[in-house]
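# Next come a sequence and a model predicted from it.
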Amino acid sequence: MQERFNILIRDILAGIPEGPVLLAVSGGPDSMCMAELFRCCGQVPFAVAHCNFHLRGDESDGDERLVREWSEACGAVFHKKDFDTLGYVAGNDVSVEMAAREQRYGWFLSLCREYGYAAVAVAHNANDNAETLFLNLLRGTGMKGIMGMRRISRIPVAGAGENDLLIRPMLGFERDEITAFAERNAVSYRTDSTNAKNDCRRNVIRNKVFPLLKELNPSFVSTLNADMGHFADAAAVTDDWFREWNDKVTEGDEILADKLAAAPHREYLLYRIMSGRGFGGPVIRDVSGLVFSCDGTFSGRKFFSDRHVLVSSRGRLRFVPRDASADTVPLPVQVAGAGIYDAGPCGICVETFPYDGGMSLRMPPGMVAFDAERLPFPFSVRLWKAGDWFRPFGMKGRKKLSDFFTDLGVPVTVKEKTVVLVASAEESHVAAVPGFGRIDDGLKVTASTGRVVTVRIV
């Protein structure tokens, strides 16, 4: 295993800048083996980062002691940070898993920039890769979601740039192989007791689904990882195809509707063109229906992403950068009922429907749902401002939006374009922040709700 790791890490290092690597070490078998492999490899200097989320009491502190002692024994710089993860969950209306993810990657990014680390190394293995494939398929995904994790990618946190790199040198190893290496080489590690609990999707897949798949195919993990490699190869082919056809159906910032309609795989071609400019699936479907299901007359329609307005005119679809759009309606905007509204830096789609207590209201990103009676029409949409506050869903206390953005690590450029829903434009009590999927607790849908309003960013 050491020899294979040395080859893999040498290939990875060839694709990143020179410099020390920051190892993200939790104390579990995967990350402790990765740290030991780096130590024995000797190809690159490294430091160690450990997050204590304080979610498992003494277990969490035991993990920290193990990683600290290992780092001291091999002379590695040791960084540690304590996180109030449950407080973050309560303040941001996210899952514990997502909270820990946002917290740790935000910290890793800050360490890389402060100390000049070339990349962050995490211990995702082949099993993790296969689990992620299943998770992506369950929630719906495109080609990117079935390609699997990459050995080199950008740190997945708001504000990360192209040079803020994450590497995964353990992707070529399965979990059983890693555990066997640890036993043979007396690598100390700790087992997270929560991994045995089926209280999240990943654990259900790991503990219930994968054992069944292993009965059908003992090598299913390596098979799935090989398939993801094939998907990545196929994605490279489709990228080449897209570049060729994109040139045929566009002129500058305009789509030629007649040429698009006559192109092969036109739906996919439109998806690639629009998604590259920040448009989401619901808006792309709206545009697809407009272009491919009409008589060719579709002037005067507008569609919005966070970066562009798409304007239809005389057989063409023109992308206009939001900041350059002279047609953008100034804020605040009054929402009088269902419809699509130009809301300054974005568009919003407002819908309303009857509700009964048995309906599921799981909202996709960029969308909120609330009790129609608790925020009646007309309400206002405006940019957020200093002093704005709300009571995040599930909480009783107030939270300033400025603190909410700080906790999430939201870049200034994103904050400047964030719109909020308010009962009136002058109010500082915010009803919802649709771009972040957050509502005030006072608007929540309950068993007595008779009608629901949904607002999504388009």
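That came through fine.
# What residues sit buried inside the biggest strand by length in the chain?
In the chain, taking DSSP state E as the definition, the longest strand is strand 346-354. Within strand 346-354, the residues scored as buried using 16 or more other Cβ atoms under 10 Å are 346-350. Any C-beta I mention is one placed from the backbone N, CA and C, and that applies to glycine too.
# Quick one: mean pLDDT over it.
Summarised as a single mean, pLDDT over strand 346-354 is 87.
# The helix or strand following it vs strand 346-354, what angle?
The helix or strand immediately downstream of strand 346-354 is strand 367-371, counting by DSSP states H and E. Using axes from the mean of the first three to the mean of the last three Cα atoms, to 10 degrees, the inter-axis angle of strand 367-371 relative to strand 346-354 is 40 degrees.
# Show me what strand 367-371 packs onto, helices and strands only.
strand 432-433, strand 438-439, strand 451-457 (3 or more Cβ pairs under 8 Å, 6 or more residues apart in numbering; DSSP states H and E).
# Now do that strand against strand 451-457: the angle between them, please.
Using the same axes, to 10 degrees: strand 367-371 against strand 451-457 is 160 degrees.
# roughly how far is strand 367-371 from the heart of the chain?
Counting by Cα atoms, centre = their mean, to the nearest Å, strand 367-371 is centred 21 Å from the centre of its parent chain.
# Show me the domain layout of the protein.
2-212, 226-324, 333-457 (automatic domain parsing).
# just to revisit the earlier point, direction included, what does the longest strand of the chain pair up with?
strand 339-343 (antiparallel), strand 451-457 (antiparallel) (DSSP bridges).
# for these, which one ends up most surrounded?
Most buried of the strands paired with strand 346-354, by mean neighbour count (mean count of other Cβ atoms under 10 Å): strand 451-457, with a mean of 21.
# centre of the chain versus that one, how much separation?
22 Å.
# Now tell me what touches that strand from outside.
280, 282, 304, 306, 346-355, 361, 363-364, 366-373, 375, 421, 432, 434-435, 445 (Cβ atoms under 8 Å, 6 or more residues apart in numbering).
# From the residues you listed, list the buried ones, please.
Counted by 16+ other Cβ under 10 Å, those give 280, 304, 306, 346-350, 355, 366-372, 375, 421, 432, 434-435, 445 as buried.
# can I assume residue 32 is in contact with residue 70?
Yes - contact between residue 32 and residue 70 holds when scored by Cβ atoms under 8 Å: they sit 7.1 Å apart.
# okay, and the common contacts of these two?
By Cβ under 8 Å, 6+ apart, the residues touching both residue 32 and residue 70 are 25, 188.
# quick one on the thing from earlier: closest one to residue 139 among the strands paired with strand 346-354?
strand 451-457 (16.8 Å; Cβ to Cβ).
# so who does the nearest residue to residue 53 once chain neighbours are set aside touch?
Nearest residue to residue 53 in three dimensions, chain neighbours excluded: residue 85, at 4.4 Å (Cβ to Cβ, 6 or more residues apart in numbering). Counting by Cβ under 8 Å, 6+ apart, residue 85 makes contact with 53-55, 96, 99-100, 103.
# which one of those is nearest residue 391?
residue 99 (18.4 Å).
# Could you grab the helix/strand/coil label for that closest one?
helix (DSSP: H, G, I helix; E, B strand; the rest coil).
# show me what contacts it?
85, 88-89, 92.
# what would those residues look like in a markdown table with distance to residue 44?
Below are the contacts of residue 99 laid out as a markdown table (distance: Cβ to Cβ, whole Å):
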| residue | distance to residue 44 |
| --- | --- |
| 85 | 31 |
| 88 | 33 |
| 89 | 36 |
| 92 | 35 |
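# In strands, which of those fall?
Counting by DSSP E, these place none of their members in strands.
# and after the helix ranked longest in the chain, which helix or strand comes next?
With DSSP state H setting the assignment, residue counts place helix 220-249 as the longest helix in the chain. Using DSSP H and E, the helix or strand that follows helix 220-249 towards the C-terminus is strand 250-251.
# Report all helices and strands that that following strand contacts.
Secondary elements touching strand 250-251 (3+ Cβ pairs under 8 Å, 6+ apart): none.
# Can you tell me what sits against that strand?
256, 273.
# Show the subsequent helix or strand relative to it.
That would be, after strand 250-251 and using DSSP H and E, strand 254-256.
# which strands and helices sit next to the next helix or strand after that next one?
Under the assignment DSSP H and E, the closest C-terminal helix or strand after strand 254-256 is helix 257-262. When contacts are defined as 3+ Cβ pairs under 8 Å, 6+ apart, helix 257-262 packs onto helix 220-249, helix 266-275, helix 281-292.
# Quick one: closest of these to residue 338.
Among the helices and strands packed on helix 257-262, if distance is taken as Cβ to Cβ, the winner is helix 281-292, at 14.5 Å.
# tilt between the closest one and helix 266-275?
Angle, helix 281-292 to helix 266-275, by the same axes, to 10 degrees: 130 degrees.
# Return the alpha-carbon coordinates of helix 281-292 using PDB.
Provided in PDB are the C-alpha atoms of helix 281-292 (Å, rounded to 0.1, in the frame of the first residue of the first chain):
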ATOM      1  CA  GLY A 281     -33.000  23.600 -13.600                       C
ATOM      2  CA  PRO A 282     -36.500  25.200 -13.200                       C
ATOM      3  CA  VAL A 283     -35.600  28.200 -15.300                       C
ATOM      4  CA  ILE A 284     -34.000  26.100 -18.000                       C
ATOM      5  CA  ARG A 285     -37.100  24.000 -18.200                       C
ATOM      6  CA  ASP A 286     -39.200  27.200 -18.600                       C
ATOM      7  CA  VAL A 287     -36.900  28.400 -21.400                       C
ATOM      8  CA  SER A 288     -36.900  25.000 -23.100                       C
ATOM      9  CA  GLY A 289     -40.700  25.100 -23.200                       C
ATOM     10  CA  LEU A 290     -40.700  28.600 -24.600                       C
ATOM     11  CA  VAL A 291     -38.200  27.800 -27.400                       C
ATOM     12  CA  PHE A 292     -39.100  24.300 -28.400                       C
END
